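1. Just a sequence and a predicted model for now, questions to come.
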Amino acid sequence: MNEALLEVRDLKKHFPIHKGVFSRVSGHVYAVDGVSFEIRKGETLGLVGESGCGKSTVGRTLLRLLEPTDGSIRIDGADITHLDRANLLPYRRRMQMIYQDPYASLNPRMSAGEIVGEPMTIHELGTPQERQEKVAALFERVGLRPEAAGNYPHEFSGGQRQRIGIARALAVGPDLIVGDEPVSALDVSIQAQIINLLMDLQDELKLSYLFVAHDLAVVEHISHRVAVMYLGRIVEMTDKQSLFEMPLHPYTEALLSAVPIPKASARGRKRVILTGDVPSPINPPAGCHFHTRCPYAMPRCKVDVPALREIVPGHVASCHLHDDGVKVPLGNGTA
Ligand code: SF4
């Protein structure tokens, strides 16, 4: 098994809410509330949950685009949680991001070639001539014509713009790429092309990915392991096969029931419709955050926070159904 590239421990990101003329802090948005995971070299961890669960904030915080409230972030064993801007720069080069909306994330006043070459300029890599050659090579590698480097973002299709975003992320030779819903805005046929490109690049360059998505179907193909988030916390995490064949958390079961999977393991799976909206991360429910929507909820779920613990080897979940240390198979949402 490969060693860990990224280790995140008890990461928290709470946003203060300011009120009144004195901007008094009147509360917090508990966007990420104690998240721990690691990503091994050459591995893809899928991070899944409904909109507003904090998954994108996890990606931005571990890249230090947002300052963490608490917890630690380590790259190859080096603690980068509190590094200042200058000391963080070499690690920034090793961790890049691909955004959901490739159009919004590309500067419309820069040509595609300038966009892809910009990170090399920032990190002072190579001569202008070398940078130009590298841009042309990156264009080819991501499936774009090098002659298109002079065109502007609006002259490309959505899929092509995401290829530019990928080329820009690759320009500085990263080890880890955080994909923040990188295919969610694309047509299904284009999604498959981009996912296949990312998988080819991973094989070739031994990249590690944190792949953030709201849809389990999207992460199934690309991920080695999957973490499921609900209201700022990871509620289940394991390898892809175990998660899809034997979900141990009712929230994962509900997400999975919405995925059309033509597999024997999915036969007989009923649709679990979650009622109600995701509660507010400003005032999350006590006990298990999921108890207001869980079809299996018991009285203790309203009071006691279930610990995230290993239920079967390599498979962690936070649910009182498994409190006796025994795996309780879920039954399609019928308690
Ligand atoms: Fe449902 Fe209770 Fe498990 Fe939470 S702890 S997921 S409310 S059964």
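-> Nice, thanks for sending it over.
2. Close to the ligand: what parts of the stretch 151-300 of the chain are there?
-> Taking Cβ under 6 Å from any ligand atom as the test, the list of the stretch 151-300 of the chain residues beside the ligand reads 249-250, 288, 290-291, 294, 296-298. Glycine gets a C-beta too; all of them are placed from N, C-alpha and C.
3. ok, of the residues you listed, which come out buried?
-> 249-250, 288, 290-291, 294, 296-297 (16 or more other Cβ atoms under 10 Å).
4. Now do the SS call for residue 36.
-> Reducing the assignment at residue 36 to three states with DSSP: H, G, I helix; E, B strand; the rest coil gives strand.
5. meant to ask about residue 154
-> For residue 154, the secondary-structure state derived from three-state DSSP is helix.
6. excluding its backbone neighbours, what's nearest it?
-> residue 108 (6.4 Å; Cβ to Cβ, 6 or more residues apart in numbering).
7. what secondary structure does the one you found sit in?
-> Remark: residue 108 carries the secondary structure label coil [criterion: three-state DSSP].
8. Can you tell me how far it is from the ligand?
-> Using Cβ to the nearest ligand atom, to the nearest Å, one gets 45 Å for the distance from residue 108 to the ligand.
9. Tell me who's in contact with that residue.
-> Residues in contact with residue 108 (Cβ atoms under 8 Å, 6 or more residues apart in numbering) are 152-154.
10. And the pLDDT at it?
-> What the model reports as pLDDT for residue 108 is 92.
11. what's the spacing between it and residue 321?
-> 51 Å (Cβ to Cβ, to the nearest Å).
12. Quick one: neighbours of residue 324, just the number.
-> The number of residues packed near residue 324 is 8, by other Cβ atoms under 10 Å.
13. Tell me the secondary structure at it.
-> Secondary structure for residue 324, judged by three-state DSSP, is coil.
14. For it, list the residues it contacts.
-> With contacts taken as Cβ under 8 Å, 6+ apart, residue 324 has no neighbouring residues.
15. now residue 255
-> By Cβ under 8 Å, 6+ apart, the contact set of residue 255 is 48-49, 216, 228.
16. backbone phi and psi for residue 152, please?
-> Residue 152 adopts backbone torsions of phi -100, psi 160, taken as degrees, to the nearest 10.
17. for residue 79, same thing?
-> On the backbone of residue 79 - angles per degrees, to the nearest 10 - the values are phi -80, psi 110.
18. Identify the residue nearest it in space, chain neighbours excluded?
-> Across the structure, with Cβ to Cβ, 6+ apart as the measure, the residue nearest residue 79 apart from its sequence neighbours is residue 72 (5.9 Å).
19. Look up which residues are beta-bridged to the one you found.
-> Residue 72 has these beta-bridge partners by DSSP bridges: residue 9.
20. Look up how far residue 48 lies from it.
-> Residue 72 sits at a distance of 23 Å from residue 48 (criterion: Cβ to Cβ).
21. Could you do residue 314 as well?
-> Applying Cβ to Cβ, the value for residue 314 to residue 48 is 18 Å.
22. who has more neighbours, the two?
-> A count of neighbours by other Cβ under 10 Å puts residue 48 above the other of residue 314 and residue 48, at 26 against 11.
23. now the contacts of residue 255 in a markdown table, with pLDDT and secondary structure?
-> Output for those, formatted as a markdown table (pLDDT from 0 to 100; DSSP: H, G, I helix; E, B strand; the rest coil):
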| residue | pLDDT | secondary structure |
| --- | --- | --- |
| 48 | 96 | strand |
| 49 | 93 | coil |
| 216 | 89 | helix |
| 228 | 97 | strand |
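24. Of those residues, which pair is most distant in space?
-> Comparing every pair within the contacts of residue 255 by Cβ to Cβ identifies 49 and 216 as the most remote, at 9.8 Å.
25. Neighbour count: these two, which is higher?
-> Here residue 49 and residue 216 are set side by side on neighbour count (other Cβ under 10 Å), and the busier one is residue 49, at 27 against 24.
26. Was I right to think the more buried one contacts residue 228?
-> Yes. Counting by Cβ atoms under 8 Å, a contact exists between residue 49 and residue 228, whose distance comes to 6.2 Å.
27. Residue 129 sits in which helix or strand?
-> With the criterion set as DSSP states H and E, the secondary-structure element containing residue 129 is helix 128-141.
28. average pLDDT for that helix?
-> Mean pLDDT, computed over helix 128-141, is 95.
29. Show residues contacting the next helix or strand after it.
-> Toward the C-terminal end, the helix or strand that comes next after helix 128-141 (DSSP H and E) is helix 158-170. Counting contacts by Cβ under 8 Å, 6+ apart, the residues outside helix 158-170 that touch it are 96-99, 102-103, 105-106, 112, 115-116, 118-119, 135, 138-139, 141-144, 153, 156, 177, 182-183, 185-187, 190, 193-194, 197-198, 201, 205.
30. List only those of these flagged as buried.
-> Listed as buried from those are 96-99, 102, 105-106, 112, 115-116, 118-119, 135, 138-139, 141-142, 144, 153, 156, 177, 182-183, 185-186, 190, 193-194, 197-198, 201; burial here means 16+ other Cβ under 10 Å.
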